[in-house]
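J.: coords please:
(3 chains)
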Amino acid sequence: MSARSGLERTLLGGKFAVTAEIGPPKSASAESVRRHAHEMKGSADAFNLTDNQTAMSRMSSIACAAVLIQEGLEPVVQMTCRDRNRIAMQSDILGASALGVRNVLCISGDHQTFGNMKEAKNVYDVDSVQELMILRKMRDEGRLWSGDELETAPELFLGAAANPFADPFEFRVTRLAKKVKAGADFIQTQSIYDMDRFERWMALVRARGLHEKVHILAGVMPLKSHKVALYMKNKVAGMMVPDTVVERLKSAKDAKEEGIRLCVEQIEHLRTIEGVKGVHIMAMAWEEKVPEIVKRAGLRP
Amino acid sequence: MMRILAFCCERGPGEAIDLAGEKRMRYPADLTLIQVPCAGRVDVAHLLKAFREGADAVVLVGCLEGNCHHIYGNIEGRKKVDRAKQILDEVGLGGQRLEMFHVASNQPFRIAELAAEMASRVERLGPNPLAVKE
Amino acid sequence: MIIGEQKRLEEISGMLDGHRGILIAGCRSCVAICLAGGEKEVAVMAESLRLISSLRGKGWEIEEAMVERQCEKEWVAELRPRIEGKDCVLSLACGVGAQTVQAMYPRVRVLPGLNTSNMGAPEESGIFVEKCGGCGDCVLHLTGGICPIARCAKSLLNGPCGGSQGGKCEVSPDTPCAWEEIYHSLESLGRLDLLEEPIPPKSWLPARDGGPRRIVRKEAVLTEEQKRLKGGKA
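T.: Alright, predicted model coming up:
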């Protein structure tokens, strides 16, 4: 089986992969996307475009992906289950594929009460596991979920998210196994600050042999200040930030530099963990730092 | 003439009133007393109806916390007073006109105290617009 | 049971504007249990509205009535003498009850005094929690007796999502994560195996998504002959 995307090619070749994230703008102009594309070109194998993150309308992930392709970068389209039903999902995937998208991340999506249009109707026709099943059928059988034959099947490299820091801990690996069964080819985890917990999770993953069935990319997020760390700790669902991290940033002379240094250290450590095939860098509102992080961690060029 | 209606539990508060009477203690003549077996027996509808009939203020007098003969009738009474206060605020009469007090059998002076407290609230809020004119 | 909550007095007051003869109709069934439309609640509503009427000169004449179950025509029929002469009914029953009254008395305006919310049960005195998603295709046997449609904020069938932390849903610290509860229930039942296989996309056709539902118990439907024999009354 030949690689369906550059990201897959990198992983199959045994190289430590790097993915990064670009946040779509609240704008009808894709200017900021192009700007980030220029800043970050070459620093990662593929770039995630979030999908209406925290349930606030932004330029669509697929539209931004099309722009990235124009700029010569490889996108990862994120598609949540919150805003579209199976009919719209399959339609969007056909369109995305026609525009050159190959990598798709299937996620549940933050509940709309997180955003500022809480009154909106909740879709959740399917969940992220079911989304994987649908997309895999389109790719492998060339059929829609209804059974309709597709004239041309999409080429897809399917991803899912995993959160070693959510509960119940004992069940997280079973859920990962479920995602793999449903069709996940690669996994991007939630940002890691509690390295111990992540290592325990990886041990369970390896015990089930999952690290050989799916490519796991460990998530990291550089923190600008102890205030951002506290926000992540207290206000963002599913994140675990130890007090030691908050303290380290608080007592640093240059918090930003400390944040970058911490991120680089984390990446260097993650490379040593068996089963971790790459790293996913989420530099929220700090996209321009990704090339520096990647260079200092010795990942690229 | 100010009209204050007091629903009084016949136990603690009832005995305090008797004692006040024996000691010839004075309390405002416009305090109308209604004895009930327990403060918890009074319904929200009764409290509201008292205002519809023209009361300027209403009090529910129960036993001290922990002393209720019916275990927690005074707690139930408190909850009903809170609910009625909320409604009185919503209709625009003012929840301040209604209050719950706890009085023990050996506290006859508390009756005059609570009457004075409510009288001063009525002074501040004005008479009940629905009061029947004498 | 069906759970509802009273609308705010200001909203009800606005709806009653322009009306005069008002009958407040409660129900002794679900809404009595969730303390929204039972006898005491009807009495309090009547007193509250009478106060508003007197204070604001609305001229409302308010009466109170109780119905055994407001969703059943036989019982709603008993309201006829009480509705005579009224120009409006304020129903404190659930939306089903209010609609039944309106259908039976098409010339008297029926106003909803409640916001009907969900299908649930009392958790403890005074606290009512949503339990059933009414999806028309029950999967409780797969989830240890816990409804993922109603009790998971995202109605996941392969939960939990990444927002589950400390046993709580990301939506609110008051909301338990249904999938954490499902996990523990299946654990107690010794059936964690039910969580191994991915559950495929659900058919929402039997749910409200497929259109308003109509269920027929054929054996109880009267034939034309029977209806004729009964004198036209079904």
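J.: Could you list the low-pLDDT ranges of chain C?
T.: Along chain C, segments meeting pLDDT under 70 span C:232-234.
J.: please redo it, this time with the cut-off set to 90
T.: By pLDDT under 90, the low-scoring segments of chain C are C:159, C:162-166, C:230-234.
J.: C-terminal to the longest helix seen in it, what's the next element?
T.: Using DSSP state H, we find that the single longest helix of chain C is helix C:39-56. Once helix C:39-56 ends, the next helix or strand along the chain (criterion: DSSP states H and E) is strand C:61-67.
J.: who does that following strand pair up with?
T.: Strand C:61-67 sits in its sheet next to strand C:21-27 (parallel), going by DSSP bridges.
J.: can you give me the helices for chain C?
T.: So, for chain C - with DSSP H - the helices run C:9-16, C:30-33, C:39-56, C:73-77, C:80-83, C:95-104, C:148-151, C:178-189, C:224-229.
J.: now swap in chain B and tell me
T.: Remark: helices assigned in chain B by DSSP H are B:12-22, B:44-52, B:73-91, B:109-125.
J.: starting at the chain centroid, how far to stretch A:211-224?
T.: Mean-position distance between stretch A:211-224 and its chain equals 8 Å (C-alpha atoms, centre = their mean, to the nearest Å).
J.: does any bit of it sit next to chain C?
T.: No. On the criterion C-beta under 8 Å from any C-beta of the partner chain, stretch A:211-224 is out of touch with chain C, staying 10.9 Å away. Glycine gets a C-beta too; all of them are placed from N, C-alpha and C.
J.: Start and end of that stretch, how far apart?
T.: 32 Å (C-alpha to C-alpha, to the nearest Å).
J.: For chain A, find the nearest of the helices of chain B.
T.: helix B:73-91 (24.8 Å; C-beta to the nearest C-beta).
J.: returning to what we had before: which one of the helices of chain B is the most hemmed in?
T.: With neighbours defined by mean count of other C-beta atoms under 10 Å in any protein chain shown, none of the helices of chain B is more surrounded on average than helix B:44-52, at a mean of 23.
J.: Following the chain onward from the host helix or strand of A:I93, which element is next?
T.: In the assignment (DSSP H and E), A:I93 maps to helix A:86-98. The helix or strand immediately downstream of helix A:86-98 is strand A:103-107, counting by DSSP H and E.
J.: what about that next one, distance to the chain center?
T.: Taking C-alpha atoms, centre = their mean, one finds the center of strand A:103-107 at 8 Å from the center of the full chain.
J.: CA atoms only for whatever helix or strand comes next after it, dumped as PDB, please.
T.: Where DSSP H and E defines the elements, the next helix or strand beyond strand A:103-107 is helix A:128-140. What follows is helix A:128-140, C-alpha atoms only, in PDB (Å, rounded to 0.1, in the frame of the first residue of the first chain):
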ATOM      1  CA  SER A 128     -15.800  10.400  16.200                       C
ATOM      2  CA  VAL A 129     -15.500   6.600  16.100                       C
ATOM      3  CA  GLN A 130     -18.500   6.400  13.700                       C
ATOM      4  CA  GLU A 131     -17.000   9.200  11.600                       C
ATOM      5  CA  LEU A 132     -13.900   7.100  11.200                       C
ATOM      6  CA  MET A 133     -16.100   4.200  10.100                       C
ATOM      7  CA  ILE A 134     -17.900   6.300   7.500                       C
ATOM      8  CA  LEU A 135     -14.700   7.800   6.100                       C
ATOM      9  CA  ARG A 136     -13.000   4.500   5.900                       C
ATOM     10  CA  LYS A 137     -15.900   3.000   3.900                       C
ATOM     11  CA  MET A 138     -15.600   5.900   1.500                       C
ATOM     12  CA  ARG A 139     -11.900   5.300   1.000                       C
ATOM     13  CA  ASP A 140     -11.700   1.400   1.100                       C
END
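J.: And the helix or strand that helix A:128-140 is followed by, what does it pack against?
T.: Downstream of helix A:128-140, the first helix or strand assigned by DSSP H and E is strand A:157-162. With contacts defined as 3 or more C-beta pairs under 8 Å, 6 or more residues apart in numbering or on different chains; DSSP states H and E, the packing partners of strand A:157-162 are strand A:103-107, helix A:128-140, helix A:169-182, strand A:186-191.
J.: Listing partners with orientation, what would you give for strand A:157-162?
T.: With DSSP bridges as the test, strand A:157-162 is paired with strand A:103-107 (parallel), strand A:186-191 (parallel).
J.: Indicate which one of the ones you listed is closest to C:A150.
T.: Smallest distance to C:A150 across the strands paired with strand A:157-162 (C-beta to C-beta): 22.4 Å, for strand A:103-107.
J.: residues from chain C in reach of chain B?
T.: Counting by C-beta under 8 Å from any C-beta, the residues of chain C that sit close to chain B are C:8-10, C:40, C:43-44, C:46-48, C:50-52, C:54-55.
J.: In the helix holding A:I93, which residues are buried?
T.: The neighbour-count check on helix A:86-98 (16 or more other C-beta atoms under 10 Å in any protein chain shown) flags A:R86, A:M89, A:Q90, A:D92, A:I93, A:L94, A:A96, A:S97 as buried.
J.: Switch those over to a markdown table; also include pLDDT and distance to chain B.
T.: Listed next are the buried residues of helix A:86-98 as a markdown table, based on pLDDT from 0 to 100; distance: C-beta to the nearest C-beta, whole Å:
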| residue | pLDDT | distance to chain B |
| --- | --- | --- |
| A:R86 | 98 | 46 |
| A:M89 | 98 | 47 |
| A:Q90 | 98 | 51 |
| A:D92 | 98 | 48 |
| A:I93 | 98 | 52 |
| A:L94 | 98 | 55 |
| A:A96 | 98 | 53 |
| A:S97 | 98 | 58 |
